[in-house]
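Participant: Structure, please.
(2 chains)
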Amino acid sequence: MEEYGAGDLLSEAMCAGARVVVVEDCVEAPAAFVLHLLLKRALAAGGGGGGGAALLALAQPFSHYDRVLRKMGCNLSMHRKSERLHFFDLQGFPGGTQGGAIADSLAQLYSAVQRVVETCRAGENAGRFTVMIDDVSLLEVAANGSADDVLDFLHYCVTLTSEMNCSLVVLIHEDIYSSEDGVGLLAHLRYIADLVIKAAPLSTGLATDVHGQLSVVNKGMLIEQRPAKGQKVWSFHFKVKENGADFFYPGSRH
Amino acid sequence: MAVEGSLQCCPLAARAMLHVAAAVASNAAAGKAQARGLVVVAFDRSPEVYLDIMLRHGLDSNALSRCVRILDCYSDPLGWKQNIRSEQHQEDSGTPCSTNKDTITIFRSVKDVDKLSCSIIDLGRGFEGEGKTYFSVAVDSISSMLRHASVQSISGLLSNLRSHDQISSIFWLMHSDLHETKFSRAFECLSTMVACVEPEVVDSVYGEERRGDMSFLEHNYSKAKFHVRLKRRNGRVKHLYEELCVEGYDVKFISATSVSIEVNQSLLPKVQFNLELSEKERSDRANVVLPFEHQGKGEPIRIYDGRRSLPEAHQDPNLTTAALLDETEALKSANPKGEIHYLRDSDDERPDSDEDPDDDLDI
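Facilitator: Now for the predicted structure:
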């Protein structure tokens, strides 16, 4: 069983038991590459007998992900055809509905996701299923700014993680919420998360060889959510490449 | 009791809450508490997590089924899953709550606070016992409840539970940085005890000033300060300080006695020379006779100067110093046993003399 990136710093930092992963980024250091990496790992997991993923895409169309993952050695079209990957094109979400019907649209979306997870579990797949949302900030926009409805939807997705051997990975743009007076979606997500991956620019500014720094915080309470080395907080640099990303400690790049 | 935590040490606040819940359940099972059972209102975690923690705390499955009831507001808080099931299987699941096991009851209408209150009380009344049975209530967490209902309605719920004659204690978890300060304070006012889980290493702005530098979190996610404020019936507030350590599934509370010592020592300014007095220095200081006390006449000095007690002054009414007369006269006149002796230096002397009366002083 070959797993992409096995042995790199990111996989070392992420403990296997983490169910809810929140990826935070900002304009200066986008973290979409983390989602691409985790999606590739989810589809590759278990070789021929496990894994599966559902991608709720609000940011980009399928063709974008297909192109990016193809360069990383993963054929999304093939996985989609074989129903290992379930792609939800939500760029037009929620459609014509407005007002109180937002909650209904999100309930229907959840219903579709649950059906997909149940179908996958009922099949031969015994591996962990991954539900990925790109991204939650756009979902809030689609819900007309109703953070409560989005949090209700996310809560139901979190219940899938405890009931159906499933992981949830969400991307959120941290800089959107930094100037808010009230408590936004970001604070709630940080509480819900077992694992927070935060991408930030270098404090020294732009560089050609280093694109930013990544912090990985393991918050999980349960023993199986503790990382192998016992360390809860990891911090290292990254460089995004065409076929993936490199992770290295500061100063070790040559 | 309110257990409060913040993002900088949030897993520890949740662990503390679980630890308290498990301890209350253990005491109820062992018969050590007034309460016969514990009702857990679970919003944030799956019921299995609470049962697992309690099993690890030493309760067996028999005690669990006897003393713990979980109102499951986590699995299907808004009834979405029930709707899906009814659409798929055409089943009529009209009852809002269905009992899967004896211990766990799923609740599907979290926006209806009155129904929630009734469900909590109904679960609590189900504990076995002779006569009037008391029970405790744990809410995990108030912050999640506040997403579905208003502050007023939840305050009302807690007040009603507090005044219920069968509920011996209620405790809840609240995440202080998810709400405005006034709401956190409102819930603190409702409680008689507030336990704050505070980070050991404080970062002024979480992650914003020092982007990427989260090394302090490594420490804050395993240890925290546990500060308890207890409001007594007489109005006095007692403070307790402990350190909270989490290792795996174990939660330990270490009393921080060193805190009070540090507070005391900080009253003295920290300088490089010694400001304290030794015992010999204290006794020497007590024996020093001040300049205006002695008259040099060889007689024992007995002057009532306000520093000694009145009975001592009674024994010697012979005050011979003119300069001190005005000071002592008022004091002496209050004492029926005192006497006043006034000796003028010279009877011929006129009161308004040019001579300076202070020239007579012999210091």
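
Participant: switch to C-alpha atoms for all contacts and neighbour counts from now on
Facilitator: Fine.

Participant: where does residue A:118 land on pLDDT?
Facilitator: Reported pLDDT at residue A:118 in the predicted model: 89.

Participant: ok, now residue A:31?
Facilitator: At residue A:31, pLDDT is 93.

Participant: Can you verify my assumption that it contacts residue A:23?
Facilitator: Yes - with contact defined as CA atoms under 8 Å, residue A:31 reaches residue A:23; the gap is 7.2 Å.

Participant: what about residue B:290, distance to chain A?
Facilitator: 66 Å (CA to the nearest CA, to the nearest Å).

Participant: Count residues in the vicinity of that residue, would you?
Facilitator: 7 (other CA atoms under 10 Å in any protein chain shown).

Participant: again, but for residue B:156
Facilitator: 15.

Participant: Then residue B:164?
Facilitator: Neighbour tally, residue B:164, other CA under 10 Å: 13.

Participant: Spit out the contact partners of it.
Facilitator: Residues near residue B:164 by CA atoms under 8 Å, 6 or more residues apart in numbering or on different chains: none.

Participant: Could you rerun that using 10 Å?
Facilitator: B:121, B:134, B:158 (CA atoms under 10 Å, 6 or more residues apart in numbering or on different chains).

Participant: Pull out the buried members of these.
Facilitator: B:121, B:134, B:158 (16 or more other CA atoms under 10 Å in any protein chain shown).

Participant: of the contacts of residue B:164, list those near chain A.
Facilitator: The overlap between the contacts of residue B:164 and the neighbours of chain A (CA under 10 Å from any CA of the partner chain) is empty.

Participant: From those, which land in helices?
Facilitator: For the contacts of residue B:164, membership in helices holds for B:121, B:158, with DSSP state H as the criterion.

Participant: Closest to chain A out of the contacts of residue B:164?
Facilitator: The shortest approach to chain A among the contacts of residue B:164 belongs to residue B:158, at 22.6 Å (CA to the nearest CA).

Participant: How about the residues of the stretch 51-200 of chain A by chain B?
Facilitator: Counting by CA under 10 Å from any CA, the residues of the stretch 51-200 of chain A near chain B are A:104, A:106-108, A:110-112, A:114-115, A:147-149, A:151-153, A:155-156, A:158-160, A:162-163, A:178, A:181-185, A:187-188, A:190-192, A:194, A:198-200.

Participant: What segments of chain A are helices?
Facilitator: Using DSSP H, helices in chain A cover A:9-13, A:32-44, A:62-71, A:76-81, A:101-122, A:136-142, A:147-163, A:185-192.

Participant: Turn those helices into JSON lines, columns for mean neighbour count.
Facilitator: Formatted as JSON lines, the helices of chain A follow (neighbours: other CA atoms under 10 Å in any protein chain shown):
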{"stretch": "helix A:9-13", "mean neighbour count": "19"}
{"stretch": "helix A:32-44", "mean neighbour count": "20"}
{"stretch": "helix A:62-71", "mean neighbour count": "15"}
{"stretch": "helix A:76-81", "mean neighbour count": "16"}
{"stretch": "helix A:101-122", "mean neighbour count": "18"}
{"stretch": "helix A:136-142", "mean neighbour count": "21"}
{"stretch": "helix A:147-163", "mean neighbour count": "19"}
{"stretch": "helix A:185-192", "mean neighbour count": "19"}
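
Participant: so where's the stretch 201-350 of chain B uncertain?
Facilitator: B:201-222, B:248-249, B:256-271, B:292-337, B:342-350 (pLDDT under 70).

Participant: repeat that with 50
Facilitator: B:204-212, B:258-266, B:308-335 (pLDDT under 50).

Participant: elements contacting the lowest-mean-pLDDT helix or strand in chain A?
Facilitator: The helix or strand of chain A with the poorest confidence is helix A:9-13; it has a mean of 85 (mean pLDDT, DSSP states H and E). Other elements packing on helix A:9-13 under the criterion 3 or more CA pairs under 10 Å, 6 or more residues apart in numbering or on different chains; DSSP states H and E are helix A:32-44, strand A:195-200, strand A:212-218, strand A:233-241, strand A:244-248.

Participant: Put together CSV for the ones you listed, with distance to residue A:167 on each row.
Facilitator: Formatted as CSV, these follow (distance: least, CA to CA, whole Å):
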stretch, distance to residue A:167
helix A:32-44, 10
strand A:195-200, 11
strand A:212-218, 15
strand A:233-241, 20
strand A:244-248, 22
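
Participant: who wins for proximity to residue B:117 among those?
Facilitator: strand A:195-200 (33.9 Å; CA to CA).

Participant: Flag whichever of the buried ones among the contacts of residue B:164 scores worst on pLDDT.
Facilitator: residue B:134 (87).

Participant: That one against residue B:123, yeah?
Facilitator: No - using CA atoms under 10 Å, residue B:134 is not in contact with residue B:123, being 11.6 Å away.

Participant: shared neighbours of the two, anything?
Facilitator: By CA under 10 Å, 6+ apart, the residues touching both residue B:134 and residue B:123 are B:37-38.

Participant: Strands of chain B, start to end?
Facilitator: B:2-5, B:35-42, B:68-72, B:98-99, B:104-106, B:134-140, B:167-175, B:193-199, B:223-231, B:237-247, B:250-255 (DSSP state E).

Participant: Just name the most buried of the ones you listed.
Facilitator: Ranked by mean neighbour count under mean count of other CA atoms under 10 Å in any protein chain shown, the strands of chain B are led by strand B:35-42, which reaches a mean of 28.

Participant: partner strands of that one, parallel or antiparallel?
Facilitator: strand B:68-72 (parallel), strand B:134-140 (parallel) (DSSP bridges).

Participant: So what does the closest residue to residue B:65 other than its chain neighbours look like in phi/psi?
Facilitator: Spatially, and ignoring its direct neighbours in sequence, residue B:65 is nearest to residue B:103 (5.8 Å; CA to CA, 6 or more residues apart in numbering or on different chains). For residue B:103, the backbone dihedrals (degrees, to the nearest 10) come out as phi -80, psi -40.

Participant: Next up, the contacts around residue B:103.
Facilitator: B:39, B:47, B:51, B:64-72, B:123.

Participant: and the end-to-end length of stretch A:89-103?
Facilitator: 18 Å (CA to CA, to the nearest Å).

Participant: for that stretch, what is the average pLDDT?
Facilitator: So the average pLDDT for stretch A:89-103 ends up being 77.

Participant: still on that earlier bit, distance to residue B:286 for the helices of chain A - can I get that in CSV?
Facilitator: Shown next, in CSV, are the helices of chain A (distance: least, CA to CA, whole Å):
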stretch, distance to residue B:286
helix A:9-13, 68
helix A:32-44, 76
helix A:62-71, 88
helix A:76-81, 92
helix A:101-122, 81
helix A:136-142, 75
helix A:147-163, 72
helix A:185-192, 63
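
Participant: do you know which of those lies nearest residue B:275?
Facilitator: Closest among the helices of chain A, using CA to CA: helix A:185-192, at 49.9 Å.

Participant: which strands and helices sit next to the closest one?
Facilitator: strand A:20-25, helix A:136-142, helix A:147-163, strand A:166-173, helix B:10-30.

Participant: can you tell me which of the buried ones among the contacts of residue B:164 lies nearest to residue A:218?
Facilitator: Distance ranking of the buried ones among the contacts of residue B:164 against residue A:218, using CA to CA, places residue B:158 first at 33.6 Å.

Participant: residues contacting that closest one?
Facilitator: Contacts for residue B:158 (CA under 10 Å, 6+ apart) come out as B:117, B:139, B:152, B:164, B:170-172, B:187, B:190-191.

Participant: 8 Å instead, please
Facilitator: Counted by CA under 8 Å, 6+ apart, residue B:158 has contacts residue B:190.

Participant: now residue B:19
Facilitator: Residue B:19 touches B:53, B:251, counting by CA under 8 Å, 6+ apart.
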